[in-house]
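Undergrad: I would like to see how this sequence folds:
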Amino acid sequence: MEFTGSRYNGETQNGKMHGTGEYTFPTGTKYVGEWRDGMFHGKGVMHFPNGTQYEAIWENGKVVEGTVTFADGLRYQDDDWRYCDGHDRRFYTERCSGLRPSGESQLTEPHPPHAIPEGCYDCGEGFYDPRTRAVTSYEGGFLRNAGQTENKEAWLHSKGDLRVVGGA
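TA: Numbering: from 1, shown residues only. All right, here's what the predicted structure looks like:
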């Protein structure tokens with residue numbers, strides 16, 4: 001794992017992750033849970049750097065059933081999903097805490113919004129810079145390069161919560 005930048009702390013069997021353990025990816029995402037033969041197997045939770053958690057039951061590395069809980073406490077539901085629909089466009093934090101006074105509109109879920117450099121796109125986990133074709137964390141750390149064949153700008157424009165700074 002020293003070559004991939006990942007870390008594992010937990011039980012092993014025949015040189016493979018087996019039993020219970022904690023695996024940290026180079027991005028800071030962490031899986032805490034059960035393993036079998038080097039794969040996620042049983043109950044486990046993915047903890048993402050932005051505070052989102054994915055709690056799931058895994059079989060041989062594949063999800064059988066899971067639930068997403070966002071950093072603000074909103075839980076994703078396959079059915080009866082009432083967040084940000086055509087009838088109620090408030091952010092989840094506004095639904096929980098109420099609307100801000102006039103003149104203090106909430107333009108993004110985090111308030112105050114993250115600082116995004118001019119000409120870059122807010123993509124939820126950081127910002128995308130079309131000049132460098134890289135995704136950078138809000139704190140300034142490199143996350144990843146955009147693939148050469150991917151059209152990240154088109155994908156970002158397709159998202160309803162896209163916010164570009166500087167009118168790019």
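Undergrad: and the gap between Ala134 and Met17?
TA: 31 Å (CB to CB, to the nearest Å). (Glycine included, C-beta is placed from N, CA and C.)
Undergrad: check Phe48 too.
TA: 20 Å.
Undergrad: and Tyr8, by the same measure?
TA: Applying CB to CB, the value for Tyr8 to Met17 is 6 Å.
Undergrad: show the subsequent helix or strand relative to the host helix or strand of Gly21.
TA: Per DSSP states H and E: Gly21 is located in strand 16-24. The element immediately downstream of strand 16-24 (helix or strand, assigned by DSSP H and E) is strand 30-36.
Undergrad: ok, residues contacting that next one?
TA: Residues from elsewhere that reach strand 30-36 (CB atoms under 8 Å, 6 or more residues apart in numbering): 10-11, 16-25, 40-47, 58, 60.
Undergrad: please check these and keep the buried ones.
TA: Using 16 or more other CB atoms under 10 Å as the burial test, these include 17-18, 21, 23-24, 40-41, 44, 46-47, 58 as buried.
Undergrad: among those residues, which two are most distant?
TA: His18 and His47 (20.9 Å; CB to CB).
Undergrad: coming back round to it: as JSON lines, the buried ones among the contacts of strand 30-36 with distance to Pro112 and pLDDT would be great.
TA: What follows is the buried ones among the contacts of strand 30-36, written out as JSON lines (distance: CB to CB, whole Å; pLDDT from 0 to 100):
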{"residue": "Met17", "distance to Pro112": "41", "pLDDT": "94"}
{"residue": "His18", "distance to Pro112": "45", "pLDDT": "96"}
{"residue": "Gly21", "distance to Pro112": "38", "pLDDT": "96"}
{"residue": "Tyr23", "distance to Pro112": "34", "pLDDT": "94"}
{"residue": "Thr24", "distance to Pro112": "30", "pLDDT": "93"}
{"residue": "Phe40", "distance to Pro112": "37", "pLDDT": "95"}
{"residue": "His41", "distance to Pro112": "42", "pLDDT": "96"}
{"residue": "Gly44", "distance to Pro112": "34", "pLDDT": "96"}
{"residue": "Met46", "distance to Pro112": "28", "pLDDT": "93"}
{"residue": "His47", "distance to Pro112": "25", "pLDDT": "94"}
{"residue": "Trp58", "distance to Pro112": "37", "pLDDT": "94"}
